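> quick check, what structure comes out for this input:
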Amino acid sequence: MSTYRLPGLRAMINEISQERNLPKNAVREALEEALLKGYERYRRSLRLDETHFEEDHFINFEVELDVEEEGFRVLATKTIVEEIDNSDQQIALADVIEVVEDAQLGDTVVLDVTPDHQEFGRMAAIQTKQVLSQKLRDQQRRIIQEEFHELEGTVLLARALRFERRSVIMAVRSDIAQPEVEAELPKREQLPNDNYRANSTFKVYLKRVKDGPQRGPQLEVSRADAGLVVYLFANEVPEIEDEIVRIVAIAREANPPHHKVGPRTKIAVDTLERDVDPVGACIGARGSRIQAVVNELRGEKIDVIRWSPDPATYIANSLSPAPVDEVRLINTESRIVHVLVATDKVSQAIGKEGQNVRLATRLTGWKIEVRDSSNYDHDEEDRQAMAVMEATSAP
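Next comes the predicted model:
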């Protein structure tokens with residue numbers, strides 16, 4: 001077989017492999033696909049009388065790289081026919097039988113159709129170069145998707161590289177032995193107290209591995225996702241890792257709507273062990289465990305509360321640290337509850353800019369209305385609630 005010489009092929013594959021963090025076999029695969037596209041361009045240039053080619057017209061052609069010889073060959077699998085309709089896919093029996101005496105109609109033969117340097121041409125070489133660049137990007141995307149797909153929803157160690165518009169571009173790796181790849185930390189996923197200076201490191205939550213051919217990093221990471229808090233507690237509290245304590249629910253406001261309010265999280269925990277205090281386990285001796293989480297989140301306020309199967313108890317706990325006098329489940333179907341607190345505790349229960357009650361509502365799934373217990377009219381509230389229920393249930 002003939003070989004189209006490509007001096008420096010081995011060095012080129014090694015160089016691309018290092019530059020693009022791609023395995024050599026992936027580079028070879030991309031190069032073979034690009035050379036095949038270049039060859040198709042060359043073949044089309046020979047068929048000036050035919051302007052349209054079906055998409056699968058060259059499906060029977062393949063490129064075979066020879067790294068040892070530093071070159072490539074083009075092979076075509078053709079079907080043996082009596083009369084040729086398509087010379088790219090067929091070959092006449094009379095031609096084959098000169099070489100293979102027992103050749104039969106319908107059989108296939110593999111032919112070496114490698115062009116020489118003069119035939120291949122400049123346009124085909126340009127086409128090859130353009131397609132190679134695209135194929136290498138495709139290979140990079142495919143490898144990143146395969147490498148990180150199973151890591152979605154986990155936490156990675158990231159290194160800040162640079163800002164692009166309002167996003168931070170970070171370097172992450174799936175394993176210490178793997179090369180770094182770029183990930184995007186969008187503005188909405190950043191923490192207000194983080195300082196993303198170059199080469200500073202952070203724990204980030206891998207939120208999404210993007211599909212498709214869009215430009216930019218394929219990985220989207222987050223510092224604001226509640227999943228990061230869950231990971232940090234699981235990492236600091238052995239009882240969670242051992243499934244003695246479980247995290248039942250979590251509500252996080254990492255980027256509050258008002259700038260005067262800081263980030264805050266409420267996390268509900270529970271256990272089936274009578275002699276285990278799940279809240280105390282998360283806080284740790286002298287607050288050592290929760291402080292480690294707070295430090296990683298740059299001072300974010302965290303309320304650890306005890307989950308309860310009783311809605312009234314759970315709702316009262318969710319407004320912690322505000323003390324609650326009474327919880328009244330006004331409408332269980334619509335999940336509306338009135339929480340009565342002392343006059344001087346109303347603002348604490350609601351929280352600055354409503355953050356405490358807003359997080360408690362998200363945590364419990366109940367619409368919580370904080371009321372002053374000193375002027376709460378039980379009879380009137382019951383009457384109004386009954387009227388609302390009757391109106392909504394009427395046909």
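
> and I16, how many neighbours?
I16: 18 surrounding residues under other CB atoms under 10 Å. For every residue, glycine as well, the C-beta is placed using N, CA and C.

> could you check how far it is from K24?
Per CB to CB, to the nearest Å, I16 is found 9 Å from K24.

> could you do A281 as well?
Distance from A281 to K24, by CB to CB: 50 Å.

> over to E296?
E296 is 39 Å from K24, where distance means CB to CB.

> picking that back up, neighbour-wise, which of A281 and K24 wins?
Comparing A281 with K24 by other CB under 10 Å, the one with more neighbours is A281, at 20 against 14.

> so which residues make contact with the helix or strand containing A171?
Assigned by DSSP states H and E, A171 belongs to strand 167-172. Here strand 167-172 makes contact (CB atoms under 8 Å, 6 or more residues apart in numbering) with 156-163, 180-187, 190, 196, 202, 204, 206, 217, 219, 221.

> the same query, at a cut-off of 7 Å, please.
By CB atoms under 7 Å, 6 or more residues apart in numbering, the surrounding residues in contact with strand 167-172 are 156, 158-162, 180-187, 190, 196, 204, 217, 219, 221.

> lowest-pLDDT helix or strand in the chain?
helix 117-120 (a mean of 69; mean pLDDT, DSSP states H and E).

> just to revisit the earlier point, quick one: the strand holding A171 to chain centroid distance?
Put simply, strand 167-172 sits 13 Å off its chain's centre (CA atoms, centre = their mean, to the nearest Å).

> what strands flank it, and is each parallel or antiparallel?
Counting by DSSP bridges, the strands paired with strand 167-172 are strand 155-164 (antiparallel), strand 181-185 (antiparallel).

> need the buried ones from the contacts of strand 167-172 selected in PyMOL.
Buried subset of those, written as a PyMOL selection, criterion 16 or more other CB atoms under 10 Å:
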select buried, resi 156+158+160+161+181+182+183+184+185+190+196+204+217+219+221
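
> confidence score at L6?
Predicted confidence (pLDDT) at L6: the value is 85.

> now it: phi and psi?
Note on L6: backbone dihedrals following degrees, to the nearest 10 are phi -130, psi 80.

> mind listing what it touches?
E70, G71, F72.

> which residues does the last one bridge with?
Residues in a beta bridge with F72, per DSSP bridges, are Y4, L65.

> K266 falls within a strand, correct?
Yes: assigned with DSSP: H, G, I helix; E, B strand; the rest coil, K266 falls within a strand.

> state the distance from it to W366.
Taking CB to CB, one finds K266 at 13 Å from W366.

> next one: T154
Going from T154 to W366 by CB to CB gives 31 Å.

> and those two? Which one has more around it.
The neighbour count for T154 versus W366, taken as other CB under 10 Å, is higher for W366 (24 against 13).

> pLDDT score for that one?
Here the pLDDT value assigned to W366 is 96.

> that one contacts Y314, correct?
No: using CB atoms under 7 Å, W366 is not in contact with Y314, being 8.6 Å away.

> so which bits of whichever helix or strand D95 is part of are buried?
Element membership of D95 [criterion: DSSP H and E] is helix 93-97. In terms of neighbour count (16+ other CB under 10 Å), helix 93-97 has its buried residues at L93, V96.

> residues contacting that helix, please?
Contacts of helix 93-97 with the rest of the structure, by CB under 7 Å, 6+ apart, involve I80, V81, E82, A103, L105, V109.

> so what's the closest residue to L228 other than its chain neighbours bridging to?
Excluding its sequence neighbours, the residue lying closest to L228 (CB to CB, 6 or more residues apart in numbering) is Y205, at 4.3 Å. Y205 has these beta-bridge partners by DSSP bridges: V155, S222.

> which residues does Y205 contact?
V155, V221, S222, D225, G227, L228.

> the same query, at a cut-off of 8 Å, please.
Contacts for Y205 (CB under 8 Å, 6+ apart) come out as G153, T154, V155, V221, S222, R223, D225, G227, L228, Y231.

> now the helix or strand where V269 lies: average pLDDT?
For V269, the element it lies in under DSSP H and E is strand 264-271. Per-residue pLDDT over strand 264-271 has a mean of 97.

> list the contacts for the nearest residue to T3 once chain neighbours are set aside?
Nearest non-adjacent residue to T3, counting by CB to CB, 6+ apart: G71, 3.9 Å away. Counting by CB under 8 Å, 6+ apart, G71 makes contact with T3, Y4, R5, L6, L9, L65.

> now do 6 Å
Contacts here follow CB atoms under 6 Å, 6 or more residues apart in numbering; on that basis G71 touches T3, Y4, R5, L6.
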